[in-house]
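Asker: Following is a predicted model, sequence given first.
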Amino acid sequence: MRQQQMSASSANEFGTRPDEHFDQVQPDPVKSPRLGVRGWSRWIWRQLTSMRIALYLLLLLAIAAIPGSLFPQRTSDPNGVVQYFSNSPDLAPTVDALGLFGVYSSPWFSAIYLLLFVSLIGCVIPRTRHHAAAMVQAPPRTPRRLDRMSVHHTRTLNKERRSPAALADAAQALLRRAGYRVVTYPDVGGRVSVAAERGYLRESGNLLFHVALVGVLLAVGIGGGFRYQGQRVVVEGEGFVNARSAYDTFSNGLWFSDENLPPFSVSLTDFTVKYVEDNPANLGFITDYVADVQVRESSDGATTSEIVRVNEPLSVSGAELYLLGNGYAPQITVRDPEGTVILDEAIPFLPQDANLTSLGTLKIPDGLTEQVGVVGFFYPTQTATASGAYTSIYPDVQNPVMTLNVFTGDLGLDDGIPQSVYKMDTSDMTQLTGGSTGIDSLELRPGETVQLPSGLGSVQLSEVKRFAAFDVAYDPTKLPVLVFSSLAILGLGLALFVPRRRVWFRFTATGPGHERVECAALARGDDPTLDAAVRDLLRRYPESDPERVS
């Protein structure tokens, strides 16, 4: 029997346990409750309104906006979309089906935007409710062991012992002057303690930041649907009206209608550029652009003279008129062999360098025996380099020369594909002058006329004008975005720099005529100045001994 007991004991020692041991009892399997539609809805809502999901959605929104800068957008660059279909006919339909030509109005981008909006609201509303309740609650009662707080100091009072109420009143006055909410609690031994709390503006600032972020989303999402922006190049002596068809490029929001365009017209009477002329080191540097314009608004029908400068837009009927750029627009006249004027207009040439060496194109589809395309270079102050090539050495018109390379063939204007007036595809055309033809480019100065090759006619440079590029923009989101952005910065500043603290005072008699003051504090989060703040409160407490601090 003894041997059997020893064997059983040895068996237990090496791991064999009785059948009734708790490790031998198999627990019942855990059964998760059935959530149902309501339960799953609550779970999805809690996930969506968590701060983690809000951050994920914000990051996802930033990533989703990237294709908008990689692919041309129909709202801002419709010609680029057409060109993309022409260059990549196999890939373009797939890109279009994914909505990458209209990223910011696509369903998937709108879904991310709306989910972020709902997530922020779901985060803000319950936090606002809890914060409002916390602001009316009294500070928590004084803990029994103040010496367990993260910051704890004592100070001795050396004057006659005063009543507990008087000691508490002095502490309350001190804390209220420091911006604390204060309440007095009864303490052990018939004494009283003082509890105080401050820093509610920290959470208020946090909520203000999130509310302002929701406001920015609302302003951009709703107000951005009514915005419009158009660009127009205007030559001196010409103008334009505020109509969609009058702009070179035009983009608008989802809810914009042509009826929203206020009626007004703008004419460029003169464009002046001031250059540095008295400093050889900075010779030719531009000091000022001045566009003199005539503006007529239909509200009163009167015409007013205004000035537009860079970074000084002109407000017209609620829209802003900006000066973007400028250059030269040679006045070119083309005649057929019989002398009939086929074309007579100022053609804007795009600047290619700081000295305004400019490039322009001229397309003549009708009126001559063949379709003619001309690529021209304009040199405001022409000079020749060592290789014989022309260049401009000064941006103002001092020695103007225009050279023309003439091409004949199909201009591609009958294909129905929009083309830029500043570019011309010459790959399927025959070059008649310049380049590798062995025939010099046509060269003209103001007032001169030269004959086109092959008896096509003649071309004349009548004069040289200036042009200005204007941008007309109406954006109703600017003011609300400015207001909400300012509130967001204010809220962020409060959330970062306002400390959240709880402070307690307790008074204990240590002998005849002596009172010990305990002051302890606790901070929410990291507060490196908490210890210094408690020491300062004790130093400022009335009737304390400034030399005895522990």
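Answerer: Done, it's in. Numbers count the residues shown, from 1 in each chain.
Asker: Could you report the separation of the closest residue to L58 other than its chain neighbours from P395?
Answerer: Nearest residue to L58, sequence neighbours excluded (Cβ to Cβ, 6 or more residues apart in numbering): L116, at 6.2 Å. Placement of C-beta: from N, CA and C, glycine included. L116 sits 48 Å away from P395, going by Cβ to Cβ, to the nearest Å.
Asker: swap in V310?
Answerer: From V310 to P395 the distance is 15 Å (Cβ to Cβ).
Asker: Any stretches of the stretch 1-150 of the chain with poor pLDDT?
Answerer: Residue ranges of the stretch 1-150 of the chain with pLDDT under 70: 1-28, 30, 76.
Asker: quick one on the thing from earlier: show me which of V310 and P395 is the more surrounded one.
Answerer: For the pair V310 and P395, the greater number of neighbours falls to P395 (21 against 15), based on other Cβ atoms under 10 Å.
Asker: any idea what the spatially closest residue to the more buried one that is not a sequence neighbour is structurally, helix, strand or coil?
Answerer: Leaving aside its sequence neighbours, P395 sits nearest to L356 (Cβ to Cβ, 6+ apart; 4.4 Å). Put simply, L356 is coil when judged by DSSP: H, G, I helix; E, B strand; the rest coil.
Asker: so L356 makes contact with P380?
Answerer: Yes: applying Cβ atoms under 8 Å as the test, L356 and P380 come out as touching, 5.2 Å apart.
Asker: joint contacts of those two?
Answerer: Counting by Cβ atoms under 8 Å, 6 or more residues apart in numbering, the contacts common to L356 and P380 are 328, 392, 395.
Asker: Save these as a markdown table, and put in secondary structure and distance to T369 too.
Answerer: Converted to a markdown table, these look like this (DSSP: H, G, I helix; E, B strand; the rest coil; distance: Cβ to Cβ, whole Å):
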| residue | secondary structure | distance to T369 |
| --- | --- | --- |
| Y328 | strand | 30 |
| S392 | strand | 34 |
| P395 | coil | 39 |
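Asker: Now flag whichever of these is closest to I489.
Answerer: Among the shared contacts of L356 and P380, P395 lies closest to I489 (Cβ to Cβ), at 41.6 Å.
Asker: if we can go back for a sec, in the helix or strand containing the residue nearest to L58, what counts as buried?
Answerer: Using DSSP states H and E, L116 falls within helix 107-135. Within helix 107-135, the residues scored as buried using 16 or more other Cβ atoms under 10 Å are 109, 112-113, 115-117, 119-120, 122-124, 127.
Asker: how deep is A386 tucked in, by neighbour count?
Answerer: By other Cβ under 10 Å, 5 other residues sit near A386.
Asker: Look at it and tell me its secondary structure.
Answerer: Of the three states, A386 takes coil under three-state DSSP.
Asker: try the one 5 residues further on
Answerer: When states are read from three-state DSSP, the local structure at T391 comes out as strand.
Asker: cool, S86 as well?
Answerer: Going by three-state DSSP, the secondary structure assigned to S86 is helix.
Asker: That one: how many residues sit nearby?
Answerer: Neighbours of S86 under the rule other Cβ under 10 Å: 11.
Asker: So Q294: helix, strand or coil?
Answerer: Secondary structure, three-state DSSP: Q294 is strand.
Asker: Check the spacing between it and A196 real quick.
Answerer: 68 Å.
Asker: So if I had to pick from those two, which one is more boxed in?
Answerer: Set side by side, Q294 and A196 show more neighbours around A196, with 24 against 14, by other Cβ under 10 Å.
Asker: quick one: the more buried one is in a strand?
Answerer: Yes: judged by three-state DSSP, A196 forms part of a strand.
Asker: Could you pull up the contacting residues of F85?
Answerer: A92.
Asker: rewinding a little: next SSE after the helix holding L116?
Answerer: Past helix 107-135, the next helix or strand by DSSP H and E is strand 151-157.
Asker: what packs against that following strand?
Answerer: Helices and strands touching strand 151-157, by 3 or more Cβ pairs under 8 Å, 6 or more residues apart in numbering; DSSP states H and E, are strand 514-523, helix 530-540, strand 544-549.
Asker: Tell me the helix or strand right after that strand.
Answerer: Sequence-wise, the next helix or strand downstream of strand 151-157 (DSSP H and E) is helix 164-177.
Asker: just checking, what packs against that following helix?
Answerer: In terms of contacts (3+ Cβ pairs under 8 Å, 6+ apart), helix 164-177 is packed against strand 181-186, strand 192-198, strand 501-511, strand 514-523, helix 530-540.
Asker: Run through the residues that contact the closest residue to Q382 other than its chain neighbours.
Answerer: In space, and not counting its chain neighbours, Q382 is closest to V401: 3.9 Å by Cβ to Cβ, 6+ apart. By Cβ under 8 Å, 6+ apart, the residues touching V401 are 378-379, 382, 390, 443-445.
Asker: A302 versus F484, what's the distance?
Answerer: 37 Å.
Asker: neighbour count winner among those two?
Answerer: Between F484 and A302, counted using other Cβ under 10 Å, the more crowded position is F484 (21 against 8).
Asker: where does that one fall, helix, sheet strand or coil?
Answerer: helix.
Asker: Pull the distance from stretch 117-131 to the chain's centre.
Answerer: In terms of Cα atoms, centre = their mean, to the nearest Å, the centre of stretch 117-131 is found 24 Å from the chain centre.
Asker: Let me see the residues that make contact with that stretch.
Answerer: Contacting residues not belonging to stretch 117-131 are listed as 45, 48-51, 53-54, 57, 200, 203-204, 206-207, 210-211, 213-214, 217-218, 221 [Cβ under 8 Å, 6+ apart].
Asker: Mind checking which of those residues land in strands?
Answerer: Among those, DSSP state E puts none in strands.
Asker: Any quick PyMOL command for the buried ones out of the residues you listed?
Answerer: To isolate the buried ones among the contacts of stretch 117-131 in PyMOL, judged by 16+ other Cβ under 10 Å, type:
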select buried, resi 48+49+53+54+57+203+204+206+207+210+211+213+214+217
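Asker: Could you tell me which of the contacts of stretch 117-131 belong to helices?
Answerer: Among the contacts of stretch 117-131, the members falling in helices (DSSP state H) are 45, 48, 51, 53-54, 57, 200, 203-204, 206-207, 210-211, 213-214, 217-218.
Asker: now the angle between helix 200-218 and the helix or strand harbouring A488, please.
Answerer: Element membership of A488 [criterion: DSSP H and E] is helix 478-497. If you take axes from the mean of the first three to the mean of the last three Cα atoms, to 10 degrees, helix 478-497 sits at 150 degrees to helix 200-218.
Asker: Excluding chain neighbours, what is closest to V397?
Answerer: Closest residue to V397 apart from its sequence neighbours, by Cβ to Cβ, 6+ apart: P380 at 4.9 Å.
Asker: wait, isn't that neighbour in contact with D353?
Answerer: No: contact criterion Cβ under 8 Å: P380 and D353 do not qualify, at 10.8 Å.
Asker: ok now the helix holding L116, how far from the chain's centre?
Answerer: Distance of helix 107-135 from its chain centroid, counting by Cα atoms, centre = their mean, is 21 Å.
Asker: do stretch 451-468 as well
Answerer: Centroid separation for stretch 451-468 versus its chain: 45 Å, with Cα atoms, centre = their mean.
Asker: try stretch 44-51
Answerer: Centroid separation for stretch 44-51 versus its chain: 26 Å, with Cα atoms, centre = their mean.
Asker: No more questions from me, cheers.
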